[in-house]
Structure formats: structure tokens, C-alpha cells
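In: can't give you the sequence, but here's the structure:
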């Protein structure tokens, strides 16, 4: 940003506060530090430091800005375009005559633009108001591009940009981005950007594209003449190739297309843009084979070294016939137009060149449209398949949840029933032991039986699900199974998302070898014998 650029509203407010001196601005005001640094970078304030704390103080340049409404370093050519609100109170003093705002000398239009649409007259250039600028940007889809404007038109848009910022004509939630304000800097691009979109990738691409391309025909010819690597022609054919470039540029402008040269490449190559499709243009000269005429040196060496000298039979010489190649990409097949032996030169094929390029652009557009339609159909098909897949997964999840709940209920009920049977068996066994103790004549054995009976009945009370506060009534009937509880009932589906999972197949367990040795499996609760009905 230039040193003399206009301050925004926040910067102007802080500068006025510093100039007033009633409320000092120091480094303790961390929220104003960035603004103070910006003012210091323009020489409007200084920040002397004392005891580790800086304090902002206004400079002579800052006082000048508050008094006159612009920086003292502002060039004279831009002072006439300023109409600051602070100067509106003295219109008689600051108002300039109408003739002063007009250019002293109208810029003559380049002869290469004779076929292009006529530019507006300098008097109309001054009619770029803030409202008109915003309307033009909106009509252009958010980005307004003025191709290589003259100095007066560029100045008019500068005034429109400044007016839009001063008058707060920019829509809420947006701000202006612009590049190419300096005279002779190529295209002028103004964009209405969204404050909530911090991504500046597209704008940087547009800004860099403007800075590295030339669209003025005279500048294009001059650049290619200085480095004619793109013109694979001999020196004698170079002027004709440059004239062909000029003719192509003028025809492109007359048809509403874009003709430019990328000046940031190692060697400049002309480009033509037709309906959004760009082709790189290259000129080549055909070569002719003519019988080789040996020189005196070759004749002398032939006599001395006849056994190792091979003289070519033909020489490749320029024919003067040129070929124009248009290549859309480095790996694509180029389109070619050539001078014919019947006298149809490239100069006569300029219209054919653009007809072919426009046809290629239309074919590419149709192919792109067909591809987009195909992609749209595939996307719709993919969404339908996803909906169907999710519906199947949700159905499988419902069935699995019901099966998991039933499995939990069966397991809980079976465990409770088994505990109840064990408790009843223990009580019956204790009753039998009680009879045995009553009939036993040995008091020691009777006492031991009494102890076992007491422990057995206490144990029966603990495991009986029908007794106590922690009995079978504490078990939940309606449970929400965990994902891992659903997995055995989902088959190939995942319990987490509508996707199929790979299931590892575990080999069946190997049966232990048959042995006749009796094993002590220990004592466990429950009846021995055939399986109960709930285990079948």
C-alpha cells in the first residue's frame, strides 16, 4: 500500500484521538497496536518508548492529514480526485473548475484498437460514481475487469473506488479488492469480496494473472520482438510473423475475445482466449530440401580427408511458408494452419482461424456440459445407492437390536432360573442334613452338620433371585445394547456406520483327544443330567 493512501475509518479515528491528546494511546491499548503501527509506517505518528511502554504522538504529517484530509506526500495528480468529507464544509475553497478535472491532453487511441469497440470519451470517464461502480461489479458477477484502460478511465475508476469507500456504499458484509490502479499497469480489476470468506486464493490468482499478462497490442508486439523464441522462423520472416500476431490480436478484439502475452514466463508466448478456452500460439517455418553445394573449404578437405568426410546431399533452408499452431495444453494435439502452395496465405485465413477456435471452444463446452450431466447422474445414482444402503443398514440394526434384547433377556432369565433351582436344591439338602443331625448320636458330628446347614441356608438366601432387595427385580427388561452386542446379529454390516465389514473366519476349535482317564471337574451348582428346556 502506498504511503499516501487514504486512511480507513478506524485509522482516522485513532489519529484524531492521538492528535487531540486528551486520551493518550499507549502500548497498554493492545487492541489499537496494529492501527498505531500502520499510522507509524506512514509517518503520521511516532511511538517513543519510556520505561518499556510506548506512547503514540502525532507528527507534522499527521497534523497535516487532519487539517487537509490527505497525506502531504500525495502526488499532485491524485489530489484533484480527492473529495474528503472533512473538506465538504468549504466547497468554494476546494471546488475545482470542471475543466481542471478533464485531461490536459487526450490520449490518442492505439491504431491496433481500430477494430475494437470505441472507448467512452474522456468527459464520460468522470461519471463513475460509487453506486455505478457497485452496480457494474454486481453485473459482472462480483469481479469487474477493465482491459487495459487509458489513464483517464483508470483515474475515473480510482475516484469511484475512493468514493465507494468514503461514502460507505459498499454493501454490508463486503469489502472492495482492486489491482491495477497505477497508470500503464495493464488491466484494472475490482472485486466485491465477502468479509466472511478469508480465502483469497481466487483473488490472488486473478491479481497475479493481471500482473503477469500483457493485453495491449503494441506492448505484445514489442515483447515478442525482443524475445522471438515463440516464433520459430528465420530473420527474414520475423516481420511477417509479427504482422500476423498484430492481425490476430485485432481480430480477437473485434470478436470480443482476449489476446495476451504472459511476461512472467522464460520466453513470452502469445495466447488467445476464446469463450474461456486458452490456446498458446506458435509460428513455425517450413523447411525445403535443396541440393547441397559444397564450399571451397569442403572441397579442400575432401581431397585431404576423403576417406572420413561425408558430405550431405541436401541442405534444409527456410521456405518462407509459415505454419500457425494453436495448442490448448502441452500434451494436446495442436491445431495448424499453413500457407498453401496455391497462394492461400495465413493473412487470408485469419477469419478461418477464429472460426475453428470458436468451433473447438463450443465443442469443448458441449463436452464439458455432457460430462457435467454424466457426473450429475452418477452423483444422483450414488446418493440413491447410499439411501438404499442406509435403509438396509437401519433395518438390519433394528432386527439386530431386537435379537440382542431377546438374547439378553434369555440369558438373564436363564441365570435367574438356574440360581433359583440351586437355591431350592440347597434348601432341600439342608432339610435332609437336619434330619440326619437329629438322628445322629454323636454330638460332634451333629454340631458339624448344624454348621453346614446354617451355612447352606445362608448361601441359598444369597443366590435365590426371589429373595432380598438385590433379587431378580433389579434386572432391566428393556436394555439398549452396545454396538459390540449387536455385531453377532448384523452379519456383514458394521454396528457403527452403514458399511460392510470384513469378518475373520475363526477355525473351529479342535476336539481334545479321547481319554479314558476320569477328570475331576469339581462341584458346581445346578442339576446334573439332560439339558433344561431353555438350553435346547
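Out: Looks like it arrived, so ask away. Model, not experiment: these values are computed from the prediction. Numbers count the residues shown, from 1 in each chain.
In: got the contact list for residue 240?
Out: By CB atoms under 8 Å, 6 or more residues apart in numbering, residue 240 lies in contact with 233, 322. Glycine gets a C-beta too; all of them are placed from N, C-alpha and C.
In: I'd assumed residue 272 was in a strand, is it?
Out: Yes - Residue 272 forms part of a strand when assessed by DSSP: H, G, I helix; E, B strand; the rest coil.
In: tell me where the longest helix sits in this structure.
Out: In the chain, taking DSSP state H as the definition, the longest helix is helix 350-439.
In: elements contacting that helix?
Out: Packing partners of helix 350-439 (3 or more CB pairs under 8 Å, 6 or more residues apart in numbering; DSSP states H and E): helix 238-254, strand 270-274, strand 277-291, strand 314-327, strand 335-338, helix 443-463, helix 483-486.
In: quick one, that helix and helix 443-463 angle?
Out: 150 degrees (axes from the mean of the first three to the mean of the last three CA atoms, to 10 degrees).
In: wait, which of the helices and strands packed on helix 350-439 is closest to residue 382?
Out: Set against residue 382 and scored by CB to CB, the helices and strands packed on helix 350-439 come closest in helix 483-486, at 26.1 Å.
In: quick check: residue 327 vs residue 287, distance?
Out: The gap separating residue 327 from residue 287 is 20 Å, by CB to CB, to the nearest Å.
In: residue 194 against residue 174, yeah?
Out: Yes - in this structure, residue 194 is within contact of residue 174 by CB atoms under 8 Å, at 5.9 Å.
In: which of the two has more neighbours?
Out: Higher neighbour count among residue 194 and residue 174: residue 174, with 17 against 12, using other CB atoms under 10 Å.
In: ok, for the more buried one, nearest residue in space, not its chain neighbours?
Out: Counting by CB to CB, 6 or more residues apart in numbering, residue 174 lies nearest to residue 192, which is 5.3 Å off, once chain neighbours are set aside.
In: how far away is the one you found from residue 129?
Out: The value you get for residue 192 to residue 129, if CB to CB is used, is 16 Å.
In: more neighbours: which of those two?
Out: Each of residue 192 and residue 129 has its neighbours counted (other CB under 10 Å); residue 192 has more, 20 against 16.
In: who does the more buried one form a beta bridge with?
Out: residue 176 (DSSP bridges).
In: against residue 145, how distant is it?
Out: Residue 192 sits 13 Å away from residue 145, going by CB to CB.
In: need the overlap of contacts for these two.
Out: By CB under 8 Å, 6+ apart, no residue touches both residue 192 and residue 145.
In: for residue 429, what are its contacts?
Out: The contact partners of residue 429, taken as CB under 8 Å, 6+ apart, are residue 456.
In: repeat that with 10 Å
Out: Taking CB atoms under 10 Å, 6 or more residues apart in numbering, we find residue 429 in contact with 452-453, 456-457, 460.
In: just residue 141 next, same as before
Out: Contacts of residue 141 (CB under 10 Å, 6+ apart): 191-192.
In: check the secondary structure at it for me.
Out: Residue 141 is classified as coil under three-state DSSP.
In: higher neighbour count, residue 327 and residue 287?
Out: More crowded of residue 327 and residue 287, by other CB under 10 Å: residue 327, with 17 against 13.
In: now do the same contact list for that one.
Out: So residue 327 contacts 269, 278-282, 333-336 (CB under 10 Å, 6+ apart).
In: let me know the pLDDT of it.
Out: Residue 327 carries a pLDDT value of 89.
In: same check on residue 369?
Out: At residue 369, pLDDT is 93.
In: for residue 394, same thing?
Out: Confidence at residue 394, expressed as pLDDT, is 94.
In: and it, how many neighbours?
Out: Around residue 394 there are 12 residues (other CB under 10 Å).
In: quick check, it in contact with residue 498.
Out: Yes - Residue 394 lies in contact with residue 498 (CB atoms under 10 Å); the separation is 7.6 Å.
In: and residue 147, how close does it get to residue 189?
Out: Going from residue 147 to residue 189 by CB to CB gives 10 Å.
In: okay, the helices and strands packed on helix 350-439 in a markdown table with distance to residue 408 next?
Out: Output for those, formatted as a markdown table (distance: least, CB to CB, whole Å):
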| stretch | distance to residue 408 |
| --- | --- |
| helix 238-254 | 77 |
| strand 270-274 | 70 |
| strand 277-291 | 66 |
| strand 314-327 | 71 |
| strand 335-338 | 73 |
| helix 443-463 | 20 |
| helix 483-486 | 8 |
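In: out of the ones you listed, which one sits most buried?
Out: For those, the largest average neighbour count (mean count of other CB atoms under 10 Å) is found in strand 270-274, namely a mean of 21.
In: so which of the contacts of residue 327 is the closest to residue 373?
Out: Within these, proximity to residue 373 (CB to CB) peaks at residue 278, which comes in at 24.1 Å.
In: just list whatever residues bridge to the closest residue to that closest one other than its chain neighbours.
Out: What sits nearest to residue 278 in space, not counting adjacent residues and going by CB to CB, 6+ apart, is residue 271, at 5.5 Å. Beta-bridge partners for residue 271, by DSSP bridges, are residue 260, residue 280.
In: was I right to think residue 271 contacts residue 281?
Out: Yes - at 6.9 Å, residue 271 counts as touching residue 281 under the criterion of CB under 10 Å.
In: please tell me how far residue 471 sits from residue 408.
Out: 18 Å.
In: before we move on, what about residue 367?
Out: Taking CB to CB, one finds residue 367 at 59 Å from residue 408.
In: neighbour count: those two, which is higher?
Out: Using other CB under 10 Å, the more surrounded residue of residue 367 and residue 408 is residue 408, with 17 against 10.
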